[in-house]
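[1] sharing a model that was predicted from the sequence below.
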Amino acid sequence: MLSIESRFATKLARAFKKLAAPCQFIPANGNPAYSRSVHLPPTEIDRSNEYLLEPVHLAEFLAQEGAVTADDVFELNGKQYRITQLNERDEITVSFVYLEL
């Protein structure tokens, strides 16, 4: 029998996949590209830096689909994006700041 935590994690992963879109993920370490889920939450302005009020673009990935590191690239809707900086990590997802190439 599965524990409550693992059942909860499975349900959250399913909910994430409903919100996410499939993308082509290209690891920076040279491994072959593969398809995985990405969710792009609404863009927000970073108010922690009073001198640079640029919008911050975040990409969330499901942790169980593989590792994500800085300099990885993902392609979505014909555009490529480079992952730059870790934003947040939990048991289910990992989110990074990204830039459009």
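    Noted; the coordinates are in hand. In this text the structure is predicted, and so the values were computed from the model without any measurement.
[2] all contacts plus neighbour counts: C-alpha atoms, from now on.
    OK.
[3] report the beta-bridge partner residues of Glu88.
    Beta-bridge pairing for Glu88 (DSSP bridges): Ser95.
[4] how near is it to Gly78?
    26 Å (CA to CA, to the nearest Å).
[5] looking at the two, which one has more neighbours?
    Glu88 (12 against 7; other CA atoms under 10 Å).
[6] pretty sure that one contacts Val68?
    No - using CA atoms under 8 Å, Glu88 makes no contact with Val68, being 11.9 Å away.
[7] now list whatever residues contact both of those two.
    Residues touching both Glu88 and Val68 (CA atoms under 8 Å, 6 or more residues apart in numbering): Val94.
[8] where's Arg7, which helix or strand?
    helix 4-19 (DSSP states H and E).
[9] just checking, what packs against whichever helix or strand comes after that helix?
    Under the assignment DSSP H and E, the closest C-terminal helix or strand after helix 4-19 is strand 21-26. Secondary-structure packing of strand 21-26 (3 or more CA pairs under 8 Å, 6 or more residues apart in numbering; DSSP states H and E): strand 34-39, strand 73-76.
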